[in-house]
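# sequence and predicted structure, then a few things I'm wondering about:
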Amino acid sequence: MKDLHRIFIAINIPENLRRYLSDFSGRWPDLPAKWTKSENLHITLNFLGNANDEEICEICQTVIEVARRHDSFEITLDRVIYGPLGKLPPKMIWATGEKSREIGGLQKDLESSLFEFCGAKYRSQEDYGFTPHITLARLIQADLRQMEIEEIPRVNEKINKIFMVESIEIMESELKRGGPVYTVLESANLG
């Protein structure tokens, strides 16, 4: 049996922005949450699931070709909120970004290009455009249910952080005892 790897396509964020977003872990000390390690903060464009070495080679080549078709662009992160949007009870804390033609087009191009050869295990449910988000924390549901409604902190912070996207990465996620470890398998420059 061939070794399988958990693969996703991501935008990795600059180190200074990782540090800034990691500081939110101290904002709500009573909130039962498992905070994402700073080095794991990213925007997922497509989650592909398990792939073998041969499929990973095809994925890398496809992503490189897609990346060449898209120019560099900026992402504006505007809020720290509970996510997913509209879901109750909330499951996560997200830093959300503004939708843009650039990121929406890139995400859709990746999705359709990857779907053609691997039957992509993930399809975006967003017909109206991709909303970038970074998972800052996962809420511990059992502990959250023990809290009274008025005890649950309000999480809705305005932020204004802009960064340039010049590449996208093919990432592997290995589930370890201390949490997931992400490894860049290939970086694909835009443009």
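Received the coordinates, thanks. What you see is a predicted model; the values in this text were computed from it and never measured.
# the lowest-mean-pLDDT helix or strand in the chain packs against which elements?
Within the chain, confidence by mean pLDDT, DSSP states H and E is lowest for helix 101-118 among all helices and strands, at a mean of 86. Counting contacts by 3 or more C-beta pairs under 8 Å, 6 or more residues apart in numbering; DSSP states H and E, helix 101-118 packs against strand 42-51, helix 53-68, strand 73-83. No exception for glycine: its C-beta is placed from N, CA and C like everyone else's.
# for those, give me TSV that also has distance to Gly179, mean pLDDT and mean neighbour count.
Converted to TSV, the helices and strands packed on helix 101-118 look like this (distance: least, C-beta to C-beta, whole Å; pLDDT from 0 to 100; neighbours: other C-beta atoms under 10 Å):
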stretch	distance to Gly179	mean pLDDT	mean neighbour count
strand 42-51	14	92	19
helix 53-68	23	95	16
strand 73-83	19	96	19
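# so which of these gets nearest Glu102?
Closest to Glu102 of these is strand 73-83 (C-beta to C-beta; 3.7 Å).
# any idea of the mean pLDDT for whichever helix or strand comes after the least confident helix or strand of the chain?
Using DSSP states H and E, the next helix or strand after helix 101-118 towards the C-terminus is strand 133-139. Average pLDDT, strand 133-139: 96.
# as PDB, could you dump the C-alpha coordinates of the helix or strand following strand 133-139?
Scanning forward in sequence from strand 133-139 by DSSP H and E, the next helix or strand is helix 141-145. Output in PDB follows, covering the C-alpha atoms of helix 141-145 (Å, rounded to 0.1, in the frame of the first residue of the first chain):
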ATOM      1  CA  GLN A 141     -17.600  22.300  22.700                       C
ATOM      2  CA  ALA A 142     -18.100  20.300  25.900                       C
ATOM      3  CA  ASP A 143     -16.700  23.100  28.000                       C
ATOM      4  CA  LEU A 144     -18.600  25.800  26.100                       C
ATOM      5  CA  ARG A 145     -21.900  24.000  26.700                       C
END
